[in-house]
Every structure is written in C-alpha cells, then in structure tokens.
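S.K.: predicted structure and sequence below. I'll ask about it afterward.
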Amino acid sequence: MKVALTSPLTRSVSAAMIACGLYVWPKPAMAHELSIAFDEERGTLSVIRAGRDAPILTQHARPDFRPYIHPIVAPDGQGVLTQYSPGHHKHQTGLYWGFTRLNGRDYFHHPAGDYWRRKAVKVVNDKGPTVQWRTVYDLLDADGASVLLETQTWTMRASDNEIVLDLSWHGTALKQVVIDRYDYGGLFLRMPWSRGIVGAAVSASGRRNQQAEGQRNLWVDVGMQIEGRGDLGHIAIFDHPKNAGFPLPWRVDSQLGVGPVRARLGAWLIKKGTTETIRHQFVVYTGSLNTDKLNQRWTEFSGLSPKSASTTLAAAAPPERRPTAALPLLVQTIAKTDDPAIRKALMRGMLDGLAGRRNVVPPKEWSALRARLADSDDPEIRELSRRLSQSFGDKKAAAQAMAIVKNASARIGKRRAALRSLLNQQNKDASDLLESLLDEPELAIDAIRGYASIENATAPAVLLGRYKRMDAGQRRAVIETLATRRRYAFSLLAAVKQKSILREDIPVHVARSLNNLLGERFVKVFGRVKPIGKDREKLLARYKRMVTPQAIAKADAARGRSVFKKTCSACHLLYGDGGKIGPDLTGSNRANLDYILLNSVDPSYDVPEAYKMITVVTVDGRVLNGVVAEEDGVRVVLKTVEQPRVVIAKDDIEERKVSPKSMMPDGQLEKMKSQEMLDLIKYLRTTEQVEMAK
C-alpha cells in the first residue's frame, strides 16, 4: 500500500520512530564553497557558488529602502523561487521583514522613503562552506527620528539539493516600541504566484493553504510551480521555541504569501533600551514535500529532544487530531521541562485546542502541576495555568477571573480577556455583571456584545434603556446584539416600530438576519429587504453612465476613503486597514470599473466558496451569521461583522445553513449620494493609500 507523505498514518508512525530513535535519514549532500560579492554602490551582496558565475541569492541593502532578499535561486541553479513587487501586492519584496503597526506606523506596506535608513551593511564571513552577512537599519517615525534599530544577521550554507539560511533578527528600542495586533506583519515570504499556478502552503500539522491561515505551527512550507522547472520549488520557514509566542500563528494569504505573525496574539512591546531577538531558519529545496524530513530538520534547528518535538507537534496539531486523551502527555511534558518558553508554548497550544469546549475533564496530573505553576515567577505562566484550570471547570479559577473583571485598577486588556473567557464558559454570574460594565467606556462594547453570548432576560430593557445616551459605535453594537436571539429581536422590532430606533440605523446585514429570524412580523414593520439580482443590468448601465472620466477627475479620493471607512471597512481590508471578513481588496482587480461595479451592485452574483454566508443557530437560541474561518471535528470558527473570531463547539449547534448570498449586503451604492459613490470609486482605484478627509 502506498501512503501519501502527508497522511496522518505516516505522520503518526514517523513521529513514533523519531521518538524512539529508529528513523535513519539520507545523508546530506556535500556542502559547496560559497563567496560573497559586495557591490557598495548598488547596495547588494551576492552569494556565489564555487564554479558558477551567477549568484544563487542576492541581499539588497539600499540606503533608503528596507533590506530584502531576491532572488533566491533553486539549489541546482534552475529557476527563481522569490518574487519582487508582484502586481497583486506591489509592496512585497521577496523575503523581507516589516511590521504593519509599529507605534502606529506601517513598515510592511512602505518599503521605501522616510520609513527606513540604512546604518550599516557588513560581510562577516565572505568565503567558505558557510557565509554570513549583517544589515543594520533605523526604522523612522513620521518626524524622521529613529524608534527601532533593526539588525538582521544571515548565515547561509548550500549543497546540490538544498540551501539553508539562518536568520537572527534583533530589534533594539530607542524609545518604547509597541507592535499592535494585526493579522500580518514581520517576517514575510513572497514566491512567484500567478493565477492557476500549481502550489500549496502546508504546515507542520498538515493544514493546507487557507486552513493554515492564522493557525499556530512549528513550520510552514510553500511549494510552487517555478518557471523553467518540471518539479516544484520549496521554501520552508521554521519557528524557534525561544521566540516569544512560540508556536506562532501564520499568515497564509490567498496568493500563498506566508510568514509567522506574533502580532496575531495581541499587541506586544519592546521597552526602551531593550532588545528583542527572533530566530528563524529557511530550507530551500526542490521536488516533493517530505513532512517527516522537515520535522527532523526542525528538531535539529530547535534544539528540542525528539520526544519534546513530537509533543509540541501534537500541541500544534488541529483539534480533530488532538483528542482529549492527549492532554495527559502534554501535562506530563509541561511538568518535566524547566524551559519557560516550551512550557508557555504547550500551554497556549492546549488553550487553542480547548477553545469553544466546555466540561473537559482535566488530566489527573493537572491538579499537582497547577499548584506548582501558581508559584511560578513568570506572570504569564501563572495566567496561562489559571485559564487552563478555568477551561477544566475549576471554580476557583473562575472566581479569580471574576475578581480580575471587577478590579477597576487591573489592565483593560487583562479584564477584557477574563470577561471573554467567563462568557465563553457560559458563566451566568459574568452575564449578571454586564450591566455594571456598561458604565465603563473601555469595556462598554465588550459588555454589550457579552449579552449575545448568554441569554439574559434583562438585556433588551437594559440596552434599549441606555440607547439614546450611547455613542454611534455602541448603538450599532446594541442593534447587532439584539438581532442575535429571537427573544431579543422582538424587543428590537418593537423599538423600530415605536421609532426609538430609526429604520435607517438598522444595517442591511442585521435586517437580513431579522428577516430570517422573525419572518412576516419583521416585514410588516420594516418592509421587505429587496434582492438586487433582477435589476442588475439596469443598475450597472445606470452607474456606468454616471462614472465618466470627467466625473472621476473631479472626485476626491480622500473623501472616498471616508466613505470606505463608513461603508466597507467593517469587512474589507484595503492597504492594511479594515476588517477581515471579506477578501482583502489591496490586491484585487480595482483598476477595472466593471469589476468594482458588479461586486458593489450585486455582491452575490459570484460568491467564492470561502466567502459564502453561514447561519448557525445554537441550542440555546443564539443566531450567528458569518463566514467559516476554521473548522474541524469539534468546533467551527466564524468571522462575523461584529467579531473577527467566534468559536462554536459543534455540540452546541442546533442548525446550520449555507446561503448562496455574500455577507456583503446588496444595494450599497444605492444608499449613497452620487458624489459619495464617485469619491468611493476614485479611492478604490488608487494604487497607494491617501490621507482621509477631515
């Protein structure tokens, strides 16, 4: 029987063989002599293999442009495996590093200009089986002052069948640096993707392409059809257990651009005068993906024992391959290791796997370990152990979380996380606390949305009673929350009938939900939500007559950005700003007017499978509309307009329906004034970000 290299059977058998020391790998090919040619005028370092003239890798280090590597050539010299500034993402430059939100400034989408200043470039070792070089850059704020000193040290070796690169990244804060939460940014790899190309991104846990997006993993491998080759070119990126947040979540975009993203775990900081160190390794090769070999190579890079590596792989695996029976092994490993980074990585992996689940029986070893972890000097370890105990139904841990929520002097982020964890565990006491939290501006929206998690008979009266005193964001959250449960929805409909909530304040996606929830009762008060499809051709012709070159020339892209912010940004990203429910528009076909109009007039005309709307009704009556971000044997994760990530245990789902319609409501352009529509279209057709109109 022939078993695929990526099958669960092969992975399980191979992991066992690695753990027992029985697996023998092919001997690596002999290392090649390498040399570095430094062109100071052009700012390039070219790595050349002995006996060949053409470089196999080029590091670019220009004075006012971020450092990047391109091209990386296949080990045998046939084909280029990186891509510079492709049409779908002009800012992407081969293999590079750029944070998306560093002290509010975007270095990911701005590779040049007043963002970067070269301090030094140095060849550390210019000849031999291993070569090394270093780049040093200032990251500049809007006033031209340096906020972070970035040092990248690269070490490279090569043979006939692979190239291995080691990166040690150091960031020294010249003032306090905050990297805000974002779905991508940091290390990133762009390979030469094009529509229809054969290729895949595969993670250590076996997830492929969009299934690997946002998931924590030890490594990700991108294999892709390369011009001039009959097989695939691969670049694998390894995470390291000493990296904070390990195993890190990964960005895997729809064009197979990948990179580990610590910022997905939340905002993090580098204190003034301190240095953050991050390590990664890259294996460049051609042919077929061999996950077992990459697992062994990751083990060699990480320095973990084979048994620890196998356990960490289990923690990073999808929940359907991480049964509750595996928890004792993970707990035993946490107890045995003294390495805080490994402890935290395994505990985060356990929390990720338990998300959305309740009433999980803790391993018998957990109680003793919990007592030890409670005395740890590391506050993060103490917090992770408390959260795990809470997942296991520990009443003392729940009481501690409740005390954190009630403590007005605690950090807002910590209180918010504690509240979310209690609501996820269906803690009724937390639901009763929500009304008091409405008086705290920084927690008000969390409290409003909290009423959706657990049905609370007082919610409609409490929220509608405060509605007129709330700001616009809070009012929208109230409307969206009251549309999540049938009992709440009747009160919302009564408020619309009495005009204490205006009809025009009900967003179209909420109107759709209420229509499905209440049927004719809703129609009698609100009217029918008109489908647009029948009038598509008439509307397209009408808007084409309006969008003339002269009208677009007079339109204002800055005002258009404001329209986008109000109308589109809840679901769509553009230039790194906005929501993540619908497709990222940055790389879309925005220059084409027909494309913009068709997708605005009738967004449900051609809905990709990944963006079809799912309606989930839970056993306790909660209704959620969104697109599926992740799914496995035990849970579904939705992206909704209200929340970027909602985890639902499959045991809690009573009904689930797939709609042929897009999450994007019909008739968006019809609600706009003519000038707003023209301004929006002008903004959508820009090639770089513009300032927003005041």
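M.R.: On my side now, so go ahead.

S.K.: Ser194: which element?
M.R.: Using DSSP states H and E, Ser194 sits in no helix or strand.

S.K.: if I look at it, how far off is Asp584?
M.R.: Going from Ser194 to Asp584 by CB to CB, to the nearest Å gives 17 Å. All C-beta atoms are positioned from the backbone trio N, CA, C, and that covers glycine.

S.K.: so those two - more neighbours on which side?
M.R.: It is Asp584, of Ser194 and Asp584, that has more neighbours when counted by other CB atoms under 10 Å, with 21 against 14.

S.K.: neighbours around the closest residue in space to the more buried one that isn't next to it in sequence, how many?
M.R.: Of all residues not flanking Asp584 in the chain, Leu573 sits nearest, at 4.4 Å (CB to CB, 6 or more residues apart in numbering). Around Leu573 sit 20 other residues, with neighbours defined as other CB under 10 Å.

S.K.: need the contact list for Leu573.
M.R.: Shown in contact with Leu573 (CB atoms under 8 Å, 6 or more residues apart in numbering): 579-580, 584-586.

S.K.: show the pLDDT at it.
M.R.: The predicted structure scores Leu573 at 79 on the pLDDT scale.

S.K.: who does it bridge with?
M.R.: Note on Leu573: beta-bridge partners by DSSP bridges are Gly578.

S.K.: how much space between it and Thr586?
M.R.: Leu573 sits 6 Å away from Thr586, going by CB to CB.

S.K.: wait, Lys272 sits on Gln176?
M.R.: Yes. Counting by CB atoms under 8 Å, Lys272 sits close enough to Gln176 to count as a contact (4.9 Å).

S.K.: output the below-cut-off pLDDT ranges for this structure.
M.R.: Flagging of the chain using pLDDT under 70 yields the residue ranges 1-30, 305-326, 359, 529-535, 587-592, 594-595, 604-610, 660-661, 663, 665-667.

S.K.: how is it divided into domains?
M.R.: According to automatic domain parsing, the chain comprises the domains 34-316, 323-393, 470-529, 535-684.

S.K.: closest to Met402 out of those?
M.R.: Met402 lies closest to domain 323-393 among the domains of the chain, at 10.2 Å (CB to CB).

S.K.: the closest one: how far from the chain's middle?
M.R.: Mean C-alpha position of domain 323-393 versus that of the full chain (CA atoms, centre = their mean, to the nearest Å) differs by 24 Å.

S.K.: what do you get for stretch 417-431?
M.R.: The answer for stretch 417-431 is 24 Å, by CA atoms, centre = their mean.

S.K.: cool, stretch 278-290 as well?
M.R.: The chain centroid and the centroid of stretch 278-290 are separated by 22 Å, computed with CA atoms, centre = their mean.

S.K.: just use 867 as the starting number from now, easier for me
M.R.: Okay, residue one is now 867; in that scheme the one you just asked about reads as stretch 1144-1156.

S.K.: which parts of that stretch are buried?
M.R.: Residues of stretch 1144-1156 classed as buried: 1144-1152, 1155-1156 (neighbour count, 16 or more other CB atoms under 10 Å).

S.K.: in helices only, show me those.
M.R.: Nothing among the buried residues of stretch 1144-1156 maps onto helices, per DSSP state H.

S.K.: output these in a markdown table; the columns should cover distance to Lys1202.
M.R.: Formatted as a markdown table, the buried residues of stretch 1144-1156 follow (distance: CB to CB, whole Å):
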| residue | distance to Lys1202 |
| --- | --- |
| Ile1144 | 26 |
| Arg1145 | 24 |
| His1146 | 27 |
| Gln1147 | 26 |
| Phe1148 | 31 |
| Val1149 | 29 |
| Val1150 | 35 |
| Tyr1151 | 34 |
| Thr1152 | 39 |
| Leu1155 | 32 |
| Asn1156 | 30 |
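
S.K.: farthest pair in those?
M.R.: Largest separation among these by CB to CB: Ile1144 and Thr1152, giving 27.5 Å.

S.K.: contacts for stretch 1306-1313?
M.R.: With contact meaning CB under 8 Å, 6+ apart, stretch 1306-1313 is reached by 1274, 1278, 1281-1282, 1285-1286, 1300-1301, 1303-1304, 1336, 1339-1340, 1343.

S.K.: Glu1508: what's its closest spatial neighbour, skipping adjacent residues?
M.R.: In space, and not counting its chain neighbours, Glu1508 is closest to Glu1346: 4.9 Å by CB to CB, 6+ apart.

S.K.: show me what secondary structure element comes after the host helix or strand of the one you found.
M.R.: For Glu1346, the host element (DSSP H and E) is helix 1338-1348. Using DSSP H and E, the helix or strand that follows helix 1338-1348 in sequence is helix 1352-1363.
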